[in-house]
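> Next come a sequence and a model predicted from it.
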Amino acid sequence: MTSPRRLLLAAVFLTGTAALVLTGPAARSSNLPQMADLAARVMPAVVSIASTDPVPAAAAKNGDDITLASGTVLPPPKAVEALGSGFVIAPSGYILTNAHVIAGAASISVTFQDGTIVPATVTGRDTAADIAVLKVNTGHPLPFVKFGNSTALRVGDWVLAIGNPYGLPGSTSAGIVSALDRNINQGTYDDFIQTDAAINRGNSGGPLFNEKGEVIGVDSAIYSPSGGSVGIGFAIPSAMAQPVAQSLIASGSMVRGWLGAATQEVTPAIQATLHLPNTAGALVGSVSPNGPANGILQPGDVITALKGVTITSPRALFIRTAQIPAGSKAPVTFWRDGSTRSATLRITAPPPPLDETITPATPPAPAAITIASLGLTLSAQPAGAGATVTAVTAKGPASAAGILAGNVIAQVNGQPTASAAALLAQLRQLTQAKLPAATLLITGDSAGGANPGPRWVSVPFQK
């Protein structure tokens, strides 16, 4: 059995060996970043945040009650203090943190690195992005930090986290970007930077810096079976945090932009049918008549960039649109008819929801036209812009593609179709050209009961 003394000596030996390696010639010529100067430069702008949330007297435990002859007297309300982090983003005293750090707070105080404690008020909060902006008044300009471009980050880039873990202010840890665009299913706009820089309880709301000392993320969450850091931390990218903070300062709220286009993934089958260079991007299924994209985008376009950020999927487009405040101009790049095109949209606020209490009139039962090669039946009556599916053959090609009765076929291989008769003619051309499948633009419900809006499906011809 090894004695404790031998274990201690072994640990010292290993540490000493590591020190010898780190101070050798190889380390002196390495490209490891020097974080000390960076930390000293940005540290004054990082603050600790304490928020007090009073517990109502009615929630006090019965064991705390004081019983008198006249009845029961409840003690004064208790208070729960939550600790978090933040950073100054303007010399006038605006401080950014997580919305969950100050959730339910009756009072908030901010502690600076020199020990100064000042009260803070909430300028605005956006729970959807988990961002809040506080305001303090110190009577003098404050040191502050600037945002960097999180869209330029690459996996492997060095980052520095500073915060107040477990009430230990000014705690600094370094690491790298482990992954980008992480969706951890914690919110609508999940698009986290993953890092192995140590992040613990109390780091929430603190900054994640790049090597230039720019804030490229807001430390917000960790994955931890134990409650402590295991090297998997998550930060809200500055591409989301910065516009939200600016909107909160300007108006107290964040009104996100709306593109007015329904999109879907580009499958290999659709790529081949529409002659696209690859499957990256967001394929437009429909355009809202009153939306920003109306007159600029059309069904069959593939959006590849929005306001300088590459779009690889419909979710990437959704996240990028959410990062753009309503009223902003946004250049858009898209693929159409074998070439790349560009235009500029003015992003607007989304329209109010429709009144779901209005029940549309039930149309008369239409006549039917059967297309055996696809395993579906269509209404002979025009749908206004397409052909209405009245029945789908079980286990047929259309059923396997997720087409349901009540769906409307709006396009065939990128070409609009006005009726069942027009659709039949278009399908004959495809079969004469010996194409193995038809790519259809479908509107209406999809399998599973969801209603994602227009979608493209590839349906093979049944022999």
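Done, it's in.

> May I have the phi/psi pair for Leu430?
Note on Leu430: backbone dihedrals following degrees, to the nearest 10 are phi -70, psi -40.

> residues contacting it?
Residues in contact with Leu430 (CB atoms under 8 Å, 6 or more residues apart in numbering) are Val412, Asn413, Ala438, Phe461. The way it works is simple: take the backbone N, C-alpha and C, and place the C-beta from them, glycine included.

> and with 7 Å instead?
Contact criterion CB atoms under 7 Å, 6 or more residues apart in numbering gives Asn413, Ala438 as the residues in contact with Leu430.

> What of Ser342?
Taking CB under 7 Å, 6+ apart as the definition of contact, the neighbours of Ser342 are Pro331, Thr333.

> now the helix or strand harbouring it: mean pLDDT?
When secondary structure is defined by DSSP states H and E, Ser342 falls within strand 339-346. Mean pLDDT, computed over strand 339-346, is 93.

> chain center to that strand: distance?
A distance of 23 Å separates the centroid of the chain from that of strand 339-346, by CA atoms, centre = their mean, to the nearest Å.

> list the buried ones in that strand?
Of the residues in strand 339-346, those buried by neighbour count under the rule 16 or more other CB atoms under 10 Å are Leu345.

> Low-confidence regions, the stretch 201-350 of the chain specifically.
Counting by pLDDT under 70, the stretch 201-350 of the chain contains no low-confidence segment.

> switch the cut-off to 80
Across the stretch 201-350 of the chain, the ranges flagged by pLDDT under 80 are 224-228.

> List the pairing partners of the strand holding Ser342 within its sheet, with orientation.
Using DSSP bridges, the strands paired with strand 339-346 in its sheet are strand 329-336 (antiparallel).

> going on from the strand holding Ser342, what's the next piece of helix or strand?
From strand 339-346 onward toward the C-terminus, using DSSP H and E, the following helix or strand is strand 368-371.

> quick check: mean pLDDT across that following strand?
81.

> Quick check on Phe209: phi, psi?
Torsion angles at Phe209 (phi, psi; degrees, to the nearest 10) stand at phi -100, psi 150.

> what helix or strand does the residue lying closest to it once chain neighbours are set aside sit in?
With CB to CB, 6 or more residues apart in numbering as the measure, Leu160 is the residue that lies nearest to Phe209, at 4.4 Å, once sequence neighbours are left out. Using DSSP H and E, the secondary-structure element containing Leu160 is strand 158-163.

> Which neighbours in the sheet does the next helix or strand along the chain from that strand have, and how are they oriented?
The helix or strand immediately downstream of strand 158-163 is strand 171-182, counting by DSSP H and E. The pairing partners recorded for strand 171-182 under DSSP bridges are strand 158-163 (antiparallel), strand 192-195 (antiparallel).

> distance between strand 171-182 and the chain's centre?
When C-alpha coordinates are averaged (CA atoms, centre = their mean), strand 171-182 and its chain have centres 17 Å apart.

> May I have that strand as CSV, with CA atoms only?
Taking Å, rounded to 0.1, in the frame of the first residue of the first chain, the C-alpha atoms of strand 171-182 are listed here in CSV:
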residue,chain,number,x,y,z
SER,A,171,-11.9,34.4,-11.6
THR,A,172,-10.2,33.9,-15.0
SER,A,173,-10.0,30.8,-17.2
ALA,A,174,-8.8,30.2,-20.7
GLY,A,175,-9.6,27.6,-23.3
ILE,A,176,-10.6,27.2,-26.9
VAL,A,177,-13.7,27.2,-28.9
SER,A,178,-14.8,23.6,-28.8
ALA,A,179,-17.8,23.9,-31.2
LEU,A,180,-20.1,26.4,-32.8
ASP,A,181,-23.8,26.7,-33.5
ARG,A,182,-24.8,24.4,-30.6
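
> average pLDDT for it?
Model confidence over strand 171-182 averages 95 on the pLDDT scale.

> Can you list the neighbours in contact with it?
Taking contacts as CB under 7 Å, 6+ apart, the residues outside strand 171-182 that touch it are 35, 39, 153-165, 191-198, 234.

> what residues does the strand holding Leu160 touch?
The contact list for strand 158-163, computed with CB under 7 Å, 6+ apart, reads 33, 35, 38-39, 42-43, 46, 85, 170-177, 195, 197, 199, 202-203, 206-211, 219.

> Show me what counts as buried in that strand.
Counting neighbours by 16+ other CB under 10 Å, one finds that the buried residues in strand 158-163 are Trp158, Val159, Leu160, Ala161, Ile162, Gly163.

> count of residues packed around the nearest residue in space to Arg154 that is not next to it in sequence?
Nearest-residue entry for Arg154: Val177, 6.9 Å, with adjacent residues in sequence omitted and distances by CB to CB, 6+ apart. Around Val177 there are 23 other residues, counting by other CB atoms under 10 Å.

> now do the one 4 residues further on
By other CB under 10 Å, the residues close to Asp181 number 15.

> how far does stretch 405-418 stretch from start to finish?
End-to-end distance for stretch 405-418, by CA to CA, to the nearest Å: 18 Å.

> who's in contact with that stretch?
273-274, 299-300, 382-383, 385-392, 423, 426-427, 430, 438-445, 454.

> Are any of those residues buried, and if so which?
For these, a neighbour count by 16+ other CB under 10 Å gives the buried set as 273-274, 299-300, 382-383, 386-392, 423, 426-427, 430, 438-444, 454.

> Let me see the ranges of the strands in the stretch 201-350 of the chain.
If DSSP state E, counting those that start in this stretch is used as the criterion, the strands of the stretch 201-350 of the chain fall at 207-209, 215-222, 233-237, 261-264, 282-287, 302-306, 309-310, 329-336, 339-346.

> Redo the ones you listed as TSV? Include distance to Thr123.
As requested, the strands of the stretch 201-350 of the chain are exported to TSV (distance: least, CB to CB, whole Å):
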stretch	distance to Thr123
strand 207-209	18
strand 215-222	16
strand 233-237	18
strand 261-264	33
strand 282-287	34
strand 302-306	28
strand 309-310	27
strand 329-336	26
strand 339-346	27
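
> out of those strands, deepest packed?
strand 207-209 (a mean of 30; mean count of other CB atoms under 10 Å).

> Go ahead and measure how far that strand is from the middle of the chain.
18 Å.

> If you count contacts, what does that strand end up packed against?
strand 158-163, strand 215-222 (3 or more CB pairs under 7 Å, 6 or more residues apart in numbering; DSSP states H and E).
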